[in-house]
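A.B. asks: whatever this is, show me its structure:
(3 chains)
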Amino acid sequence: MSQADTILGMYEAMHAALGDSDWWPGETPFEISIGAILTQNTNWTNVEKAIDNLKNADLLSPKAMHDLDIHELAELIRPAGYYNIKARRIFNFLKFLKNEVSYNLLALKEYSLENVRPKILGVNGIGPETADAILLYALDFPTFVVDAYTARLAHRHGLAFEGIDYHELQSLFMDVLPQDVAMYNEYHALIVRIGKDWCKKKQGLCDTCPLKHFLE
DNA sequence: CTCCTGGTTA
DNA sequence: TAACCGGGAG
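C.D. replies: You can find the predicted model right below:
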């Protein structure tokens, strides 16, 4: 089976077994963007607690959050871990929104992907995965999100070497898949679900995994 | 105890 | 390349 057939086939197998993921969890593009920063190397259940704190404080808008003292912000997002660093990163992102689009996040949709991606990557604390998550899930740009789960799954299925570079791994998928926002959205979501429940770090539960037929 | 939808700094 | 950031859940 060719590499392209494997990548396409895995998508079909995951979707058939798990169904639609309805990602990203979040009511607004701004909430999705903040969630993307908060979930860096962090369990989503912890991120939910932080987002609930922000919601209860009525702070899920760029301007309201920017006007907040950074220490108060850090305290509110404490359950998500790395809270001091993440408060700074969120603040950097808010400053970017203020300067670039006057807090109007959706105005970034008027940019071209090639133009806006480097701008978001220029924010200290936003790396390639977080940037792509914001671009795909908050702004509907056709960019494929890869993460630690993607690398692990690709490695275990013989698609990539361990420690493959972010953009090489991304190209592996984007060179094969149709340029389709909905598919990029669903594919990454399915990979995360597989990663959490089957393709675990220490030992994969391959015998019951929906992707077991794609092992070498 | 390990792991979590990373990224920056030294 | 490695240290660092970190609370919460299993």
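A.B. asks: how about the helices in chain A?
C.D. replies: A:3-18, A:29-38, A:44-56, A:62-66, A:70-76, A:83-101, A:113-121, A:128-133, A:148-156, A:166-174, A:181-197 (DSSP state H).
A.B. asks: give me the helices and strands touching the first one, please.
C.D. replies: So the one you mean is helix A:3-18. When contacts are defined as 3 or more C-beta pairs under 8 Å, 6 or more residues apart in numbering; DSSP states H and E, helix A:3-18 packs onto helix A:166-174, helix A:181-197. For every residue, glycine as well, the C-beta is placed using N, CA and C.
A.B. asks: what do you get if the cut-off is 10 Å, keeping everything else the same?
C.D. replies: Under the contact criterion of 3 or more C-beta pairs under 10 Å, 6 or more residues apart in numbering; DSSP states H and E, helix A:3-18 touches helix A:148-156, helix A:166-174, helix A:181-197.
A.B. asks: mind checking which of those is nearest DNA strand B?
C.D. replies: Counting by C-beta to the nearest atom of the strand, DNA strand B lies closest to helix A:148-156 out of the helices and strands packed on helix A:3-18; the figure is 3.7 Å.
A.B. asks: list the buried residues for that closest one?
C.D. replies: Of all the residues in helix A:148-156, those buried under the rule 16 or more other C-beta atoms under 10 Å are A:149, A:150, A:151, A:152, A:153, A:154, A:155, A:156.
A.B. asks: contacting residues around the nearest residue to residue A:79 once chain neighbours are set aside?
C.D. replies: Closest residue to residue A:79 apart from its sequence neighbours, by C-beta to C-beta, 6 or more residues apart in numbering: residue A:49 at 3.7 Å. Residues near residue A:49 by C-beta atoms under 10 Å, 6 or more residues apart in numbering: A:38, A:76, A:77, A:78, A:79, A:80.
A.B. asks: picking up where we left off before, so which of the helices of chain A is nearest DNA strand C?
C.D. replies: Taking the helices of chain A one by one with C-beta to the nearest atom of the strand, helix A:83-101 is closest: 3.2 Å.
A.B. asks: in stretch A:117-127, which residues are buried?
C.D. replies: So for stretch A:117-127, counting by 16+ other C-beta under 10 Å, buried means A:117, A:120, A:123, A:125, A:126.
A.B. asks: distance to residue A:132 and pLDDT added to those residues, as JSON lines?
C.D. replies: Output for the buried residues of stretch A:117-127, formatted as JSON lines (distance: C-beta to C-beta, whole Å; pLDDT from 0 to 100):
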{"residue": "A:117", "distance to residue A:132": "8", "pLDDT": "98"}
{"residue": "A:120", "distance to residue A:132": "9", "pLDDT": "98"}
{"residue": "A:123", "distance to residue A:132": "13", "pLDDT": "98"}
{"residue": "A:125", "distance to residue A:132": "15", "pLDDT": "98"}
{"residue": "A:126", "distance to residue A:132": "10", "pLDDT": "98"}
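A.B. asks: within reach of DNA strand C, which of those residues are there?
C.D. replies: Among the buried residues of stretch A:117-127, no residue sits close to DNA strand C (C-beta under 7 Å from any atom of the strand).
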